[in-house]
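Peer 1: Build me a model from this:
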Amino acid sequence: MVKFFNLHDDIGTDIFDHRDSEPNRLDDYHYPKMKQGGIDTTAIVCCFADAETTWQDMVDQVLYVNEKIKESKHYAFDYSKDIRVFIAIEGMCGIKEGAREKIHWLYEHNVKCASLCWNDHNALACGAKSGNMPLTPLGIECVKAMNEVHMAVDVSHCCEWNFYDIQRISTTPILATHSNVKGLFNHYRNLSDPQIQMIMEHGGVIGGLPVRWFVTRDESKQTLDEFINIIDYIKEKYGTKQIALGFDFMDYMDDPTCMVKGLDSVAHIQNLANRLIERGYSQEEVEDICFYNANRYMETYLKY
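Peer 2: Numbers count the residues shown, from 1 in each chain. Next up, the predicted model:
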């Protein structure tokens with residue numbers, strides 16, 4: 001079985017939303033599927049998509065997720081249990097002042113990766129669906145603070161102007177945890193060839209995203225093979241050493257049909273490893289894409 005490093009899954013928000021009805025959801029619901037799929041390391045993402053989100057909203061969710069990971073029988077912030085995890089933030093819209101202090105607090109509470117925004121426009125940045133404008137002064141302060149503590153800056157949801165601002169400001173290679181390529185499908189959430197080149201030339205990593213509506217508009221082609229075509233596209237230009245995976249599974253929030261056929265949930269990710277081999281990828285390339293590239297980035301730049 002190939003082991004996997006998943007750079008993006010909104011599990012933090014999921015377990016927080018179920019905190020009253022299913023207080024053991026992380027172990028009882030998520031663990032069996034991750035174990036079946038072969039997850040070695042995963043991001044536990046706390047998602048904040050509303051510009052009205054407060055800093056206290058972020059604190060409450062991050063503290064709860066920390067508590068549940070520490071209580072877990074199966075998950076830990078190191079390899080002391082079955083699955084290693086780190087907390088990530090999708091959209092830091094609750095930061096409206098005092099960015100440096102708040103970034104340091106997040107890092108002290110096991111947040112190793114964060115995006116400044118979701119698709120929204122907030123006090124830090126502009127999302128890919130909300131226009132195209134520079135980072136705000138507070139957003140610049142955030143990026144610098146993230147560099148100070150070795151927290152990865154995730155560019156997956158930001159607009160192009162923000163992308164290039166972050167690349168220019170950041171002293172650490174940037175990370176696109178869950179993004180595809182505009183060269184195959186011109187979607188606002190996908191990366192252009194110049195953006196991909198910028199990430200690759202500066203030592204970053206791109207996590208491919210098998211959510212079907214970011215792969216192709218043609219429903220008949222929203223398949224595992226079409227997703228692998230995205231990996232092929234990057235491999236042909238830059239090789240496989242900076243390709244990773246950010247699955248962003250949604251079966252626990254919406255339904256399995258959000259994903260490409262063949263990857264309905266994390267339980268089925270060995271299908272991807274097997275199909276990559278069938279498509280001519282070497283065992284080393286498959287292991288790099290599925291685990292080692294993301295792991296190398298985290299260990300090299302984030303002191304993980």
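Peer 1: which residues touch the worst-scoring helix or strand of the chain on mean pLDDT?
Peer 2: The helix or strand of the chain with the poorest confidence is helix 293-301; it has a mean of 95 (mean pLDDT, DSSP states H and E). Under the criterion Cβ atoms under 8 Å, 6 or more residues apart in numbering, residues 5, 7, 41, 86, 112, 150, 152, 172-173, 175, 203-205, 207, 240-245, 304 lie in contact with helix 293-301. For glycine as for every other residue, the C-beta is placed from the backbone atoms N, C-alpha and C.
Peer 1: what sits against the closest residue to Asp193 other than its chain neighbours?
Peer 2: Nearest non-adjacent residue to Asp193, counting by Cβ to Cβ, 6 or more residues apart in numbering: Gly183, 5.5 Å away. Counting by Cβ under 8 Å, 6+ apart, Gly183 makes contact with 192-193, 233.
Peer 1: Helix, strand, or coil at Phe249?
Peer 2: coil (DSSP: H, G, I helix; E, B strand; the rest coil).
Peer 1: pretty sure it is touching Ser265, no?
Peer 2: Yes - between Phe249 and Ser265 there is a contact at 5.8 Å, judged by Cβ atoms under 8 Å.
Peer 1: Mind listing the shared neighbours of the two?
Peer 2: Met259.
Peer 1: Comparing those two, which shows the higher neighbour count?
Peer 2: Phe249 (29 against 17; other Cβ atoms under 10 Å).
Peer 1: OK, contacts around that one?
Peer 2: Phe249 touches 9, 259, 265-266, counting by Cβ under 8 Å, 6+ apart.
Peer 1: and if you look at Ile243?
Peer 2: 205-206, 208, 231, 234-235, 288-289, 293.
Peer 1: tell me the mean pLDDT for the biggest helix by length in the chain?
Peer 2: Ranked by residue count and defined by DSSP state H, the top helix of the chain is helix 55-71. When pLDDT is averaged along helix 55-71, the result is 99.
Peer 1: do stretch 252-259 as well
Peer 2: 78.
Peer 1: Pull up the per-residue confidence for Lys237.
Peer 2: Confidence score, pLDDT, at Lys237: 96.
Peer 1: mind listing the helices for the protein?
Peer 2: 11-17, 25, 31-37, 55-71, 99-108, 137-149, 160-169, 193-201, 224-238, 270-278, 283-287, 293-301.
Peer 1: coming back round to it: any idea how far Gln195 is from the residue nearest to Asp193?
Peer 2: According to Cβ to Cβ, to the nearest Å, Gly183 stands 10 Å off from Gln195.
Peer 1: Nearest residue to Lys129 in space, please, no chain neighbours.
Peer 2: Nearest residue to Lys129 in three dimensions, chain neighbours excluded: Asn119, at 3.9 Å (Cβ to Cβ, 6+ apart).
Peer 1: and that neighbour, what does it touch?
Peer 2: Shown in contact with Asn119 (Cβ under 8 Å, 6+ apart): 49, 127-130, 157, 189.
Peer 1: The same query, at a cut-off of 10 Å, please.
Peer 2: For Asn119, the contact set (Cβ atoms under 10 Å, 6 or more residues apart in numbering) comprises 49, 91, 126-130, 157-159, 188-189.
Peer 1: And those residues, which is closest to Gln167?
Peer 2: Nearest to Gln167, judged by Cβ to Cβ, of these is Cys158 at 10.5 Å.
Peer 1: Pull out the buried residues from the longest helix of the chain.
Peer 2: Using 16 or more other Cβ atoms under 10 Å as the test for burial, helix 55-71 gives 55, 58, 61-62, 64-66, 68-69.
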